[in-house]
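*Asks:* Quick check, what structure comes out for this input:
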Amino acid sequence: MTSAEIRQQFLDFFASKKHQIVPSAPIVVKNDPTLLFTNAGMNQFKDYFLGNSIPSSTRIADTQKCLRVSGKHNDLEEVGVDTYHHTMFEMLGNWSFGDYFKAEAIAWSWELLTEVYKLPKDRLYVSVFEGDPSEGLPPSTIALEEWKKLVAEDHIVYGNKKDNFWEMGDTGPCGPCSEIHVDCRSDEERAIIPGHQLVNKDHPQVIEIWNNVFIQYNRLKDGSLVELPARHVDTGMGFERLVRVIQGKQSNYDTDVFTGTFTAIEQITGKKYDQSDSKEAIAFRVIADHIRAIGFTIADGQLPANTGAGYVIRRILRRAVRYYYSYLDYKQPLLFQLMPVLAKQFELVFPELHQQLDFVKKVVKEEEDAFLKTLEKGLKRMDDIMKQSSDQIDGKAAFELFDTFGFPIDLTRLIAAENNRTIDEVGFDLEMQQQKNRSRAAATLDTEDWVVLSDEKGEGFIGYTQLSATSKITKYRKISAKGKTQYQLALNTTPFYAESGGQIGDSGSLDFGTEQIEVTDTKKENDLWVHFVNQLPKQPNQAFTSMVDANKRLLTCYNHTATHLLHAALRQVLGTHVAQKGSLVNQQSLRFDFSHFARLTDDEIREVEAIVNQKIRDNIPVVITEMPKDEAMKLGAMALFGEKYGQTVRVVVADPNYSVELCGGTHVMHTGMIGIMTITAESAVAAGVRRIEALTGPAAFNYLTQQANELKAVAGLLKSQDAMKAVEKLLQDKQDTEKKLESLETKQLQSIKEALLQTIKSFEIAGKQGQFIGAVVDVNSADHLKKLCFDLKAGLGQDYLVLLCANIAGKAAVCLMLSDSMVSEKGFEAPKMIKEYATPLIKGGGGGQKTLATAGGQDASNLDALIQQISGLL
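*Replies:* Model (predicted):
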């Protein structure tokens, strides 16, 4: 059975149990401050467990892209070394939101594994929670009784809180779980040690494949547990492990999930994968795993970067590069060549990579190129560092590798471990902290538990049509960051738009009659609208009027609708490969990132600007409707990769033949309201991603007025009605003057050279005559000193030393040149002489090659003394 068939059978099975099959959420998490990436199948359903949202169905199943490389679920160090850890993996799951519970979940999981997949029952073991008196948690007696109906008691294992009580993090939904493990050992091994003795003992052949979590509690910040309003089921089955078991393999990497990638690597590198524990085989596994994490995160909108989620992707990519560079002896970009193989394999289940293949390949190749340029130097530096250390690499040295050569600390740690060394982690952390003193301002957000005031239902978000409403606070909590205390409020009815889709959140006020509370920002936490205020109202239970800052909202609407017009214009001018890769829309301006592989020409920018402004002048009605997603896509609506859409979507149309987009933001009613748009900047953001910055409305008018006034002022300064012609003449005059100056300088240097050749002094060294020129000369730059030295070579013999100095605008400049024979035969080195004699006298620094070195310093008063010192040395 192929992996694709195994996946489909899972989905078909739960569809037969009346589950709605939903697509995977993006692997990159948005609107959840506790996560960078989706690390479990339940992440996208978190709000359903907390009661913040209502699911479209109480029974759901899917296959979810997940990534685990940091935080609680950090598996990166093991990836490629063992047979079952991965960075990106698929999680097959089925969920019940207040519907079925333990009995059905247990029965169906057993039915699927043993009757559909035909796994041998005698190789399966199950675990149940034994309880925890310290937490007041009882044993899972219901789960135990259900399992006793299906399996022998010697195949039931009792687990403690560590193994059989699942928690998403330090806070949040949680509950007891019941795992299913499979014993993949040979019959001979099973006869010696029963499988139940190896469950949860990290045995590579006795592995967990399915976890049934029964979510019934919420963990609060103080560590206490409270019962959730409804009980839920959250199950997760590792797809790669399941395929391994069904296909009868000893490693996840031996299944058809990975073998296609191995074949491609073999064809490209000329190496062969042998399933061993050799460095070469580990490299195959690391690349085959990491390429998935890299490809799907970029396709979902996360570009490699130096911070946050982007840095996690860069770390993974660089780890893969180091493996193929060092162990497959492949010294050019490899990963981007594997992307078509991966895209084809997952085209029907995760199509976003196939749809953006050219873009993803471009980004990955540029990342590989950049790291390969520094990798060789970094590895040489690592060798030098290890020669100087016996068993531990100094923290400063590890930080140097990170800061100068781009080595993530886990890469340095890996290389050190391969050479039986450790890293001074404390020292590294100290160096990192010192470099990032500015990050103190970004202190960790301290969030207290919600204080619930009311469960009174309201209308939710009404801000598309209203800018004020009568509201009540349903709950609030205190937060602290950067030494500042604020409060977050949840309202039963709110007109405030929460930051999303690149549009900033609304601000405004809450009017309690005798008291006004300022709302400084509005954000989403999953599907919960969170309003930020600096103080709590004196009577938080009282109803009040919530009012959005109408002018800020209007200006923001100008920029958001203009962003849609801009997107369509870019596709019209540059091609349909253009796709949004990010945006920022606020009351001041708009910023739009898009896929394109070249800088826009001035003509292209003018054409895009002209199209957008024509659409503004046409005063097109902006029609916003809600409809099923499939219907919207048939209309040609553009959906953004990496965004999560429900079955019903909001479609924003500004001329159905021009701009149709899925969008949850706020917009003007007619394009004419925008007034005007002007592009102020175009730049590169990352490989294959360009950025346009623009202004609209009053801001654009003020900008253009300022530009016109500045041009008028320039014309006045040039005493000309035609500023362009006057500037062109000025530039031509400058160019002519520079040519004349260059000619005069050349003649001056020639004159100085001829004079210097008349000052040659002789010295004797090792029985041979040498020539010495030492002088303070009148030149305008340090480059002129170097040119003089090179020009003098033609008039000198075999052994010589030239020392030229200059006082340039009060600063000392020194150039010292040696003949090759002075270096090779006499042992002189220009940089050493500069460091020993020049830099102390001129109070500066310098360096260079063995035959030519330069220095600069603050003190030009000792140049004659320096010449006398070198002359005396000779």
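*Asks:* For the rest of this, base every contact and every neighbour count on C-alpha atoms.
*Replies:* OK.
*Asks:* And the strands in the stretch 51-200 of the chain, which stretches?
*Replies:* Applying DSSP state E, counting those that start in this stretch to the stretch 51-200 of the chain gives strands spanning 59-67, 88-97, 124-129, 156-159, 165-167, 172-183.
*Asks:* Nearest to E266 among the ones you listed would be which one?
*Replies:* For the strands of the stretch 51-200 of the chain, proximity to E266 was assessed by Cα to Cα; strand 88-97 is nearest, at 21.9 Å.
*Asks:* continuing past the longest helix out of those in the chain, what's the next helix or strand?
*Replies:* Longest helix in the chain, counting residues (DSSP state H): helix 723-757. Sequence order places strand 761-765 as the next helix or strand after helix 723-757, per DSSP states H and E.
*Asks:* who touches that following strand?
*Replies:* Under the criterion Cα atoms under 8 Å, 6 or more residues apart in numbering, residues 769-773, 874 lie in contact with strand 761-765.
*Asks:* Buried members of those into PyMOL, please.
*Replies:* Selection of buried members from the contacts of strand 761-765 for PyMOL, criterion 16 or more other Cα atoms under 10 Å:
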select buried, resi 770+771+772+773
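*Asks:* so what does the helix or strand harbouring I282 touch, helix or strand wise?
*Replies:* Using DSSP H and E, I282 sits in helix 279-299. Applying 3 or more Cα pairs under 8 Å, 6 or more residues apart in numbering; DSSP states H and E, one finds that helix 279-299 contacts strand 88-97, helix 259-269, helix 308-327, helix 335-345, helix 352-355, helix 357-387.
*Asks:* Just tell me which of the strands of the stretch 51-200 of the chain ends up closest to K396.
*Replies:* strand 59-67 (30.7 Å).
*Asks:* and the closest one, what does it pack onto?
*Replies:* helix 3-16, strand 20-21, strand 88-97.
*Asks:* returning to what we had before: okay, the helices and strands packed on helix 279-299, which one's buried deepest?
*Replies:* Most buried of the helices and strands packed on helix 279-299 by mean neighbour count (mean count of other Cα atoms under 10 Å) is strand 88-97; its value is a mean of 24.
*Asks:* any idea of the mean pLDDT in it?
*Replies:* Here strand 88-97 scores 94 as its mean pLDDT.
*Asks:* any residues touching that strand, and which ones?
*Replies:* Identification of contacts with strand 88-97 by Cα under 8 Å, 6+ apart yields 7, 10, 14, 19, 40-41, 48-49, 55, 58-68, 230-240, 289-290, 292-293.
*Asks:* Just want the angle from that strand to strand 59-67.
*Replies:* Calculated by axes from the mean of the first three to the mean of the last three Cα atoms, to 10 degrees, strand 88-97 forms an angle of 150 degrees with strand 59-67.
*Asks:* Can you show me the CA trace of strand 88-97 as PDB?
*Replies:* Only the C-alpha atoms of strand 88-97 are listed here, as PDB (Å, rounded to 0.1, in the frame of the first residue of the first chain):
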ATOM      1  CA  MET A  88       8.200  18.700   9.200                       C
ATOM      2  CA  PHE A  89       5.700  15.800   9.500                       C
ATOM      3  CA  GLU A  90       2.100  15.000   8.800                       C
ATOM      4  CA  MET A  91      -0.300  14.500  11.600                       C
ATOM      5  CA  LEU A  92      -3.500  12.500  10.800                       C
ATOM      6  CA  GLY A  93      -6.200  13.400  13.200                       C
ATOM      7  CA  ASN A  94      -9.900  13.200  14.100                       C
ATOM      8  CA  TRP A  95     -11.700  15.500  16.400                       C
ATOM      9  CA  SER A  96     -14.900  15.700  18.400                       C
ATOM     10  CA  PHE A  97     -16.000  19.100  19.700                       C
END
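*Asks:* who does that strand pair up with?
*Replies:* Partners of strand 88-97 in the sheet, by DSSP bridges, are strand 59-67 (antiparallel), strand 225-238 (antiparallel).
*Asks:* from these, which stretch is densest packed?
*Replies:* Of the strands paired with strand 88-97, the one with the most neighbours on average (mean count of other Cα under 10 Å) is strand 59-67, at a mean of 25.
*Asks:* residue boundaries of the helices in the stretch 501-650 of the chain?
*Replies:* Along the stretch 501-650 of the chain, counting by DSSP state H, counting those that start in this stretch, helices occupy 550-574, 602-617, 629-634.
*Asks:* How much space separates K832 from G767?
*Replies:* 24 Å (Cα to Cα, to the nearest Å).
*Asks:* cool, and P698?
*Replies:* Distance of P698 to G767, given as Cα to Cα: 83 Å.
*Asks:* Show me which of those two is the more surrounded one.
*Replies:* More crowded of P698 and G767, by other Cα atoms under 10 Å: P698, with 16 against 7.
*Asks:* Phi and psi next, for that one.
*Replies:* P698 adopts backbone torsions of phi -60, psi -40, taken as degrees, to the nearest 10.
*Asks:* Count the residues that sit near K768.
*Replies:* Using other Cα under 10 Å: K768 sits among 9 other residues.
*Asks:* Ramachandran coordinates for it?
*Replies:* phi -120, psi 150.
*Asks:* same deal with S390?
*Replies:* Dihedral angles for S390 - degrees, to the nearest 10 - are phi -90, psi -50.
*Asks:* for E515, same thing?
*Replies:* The phi and psi torsions at E515 (degrees, to the nearest 10) take the values phi -150, psi 140.
*Asks:* Which pLDDT does the model give the spatially closest residue to it that is not a sequence neighbour?
*Replies:* Nearest residue to E515 in three dimensions, chain neighbours excluded: P537, at 7.4 Å (Cα to Cα, 6 or more residues apart in numbering). Here the pLDDT value assigned to P537 is 94.
*Asks:* Tabulate the helices and strands packed on helix 279-299 (TSV), appending distance to K811.
*Replies:* Converted to TSV, those look like this (distance: least, Cα to Cα, whole Å):
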stretch	distance to K811
strand 88-97	57
helix 259-269	55
helix 308-327	42
helix 335-345	50
helix 352-355	57
helix 357-387	34
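*Asks:* re earlier: show me the two of the contacts of strand 761-765 that sit farthest apart.
*Replies:* The widest separation within the contacts of strand 761-765 (Cα to Cα) is 13.6 Å, between Q769 and I773.
*Asks:* before we move on, back to that, out of the helices and strands packed on helix 279-299, which comes closest to M822?
*Replies:* helix 357-387 (29.3 Å).
*Asks:* P304 touches I316, doesn't it?
*Replies:* No. With contacts counted by Cα atoms under 8 Å, P304 stays clear of I316, the gap being 9.7 Å.
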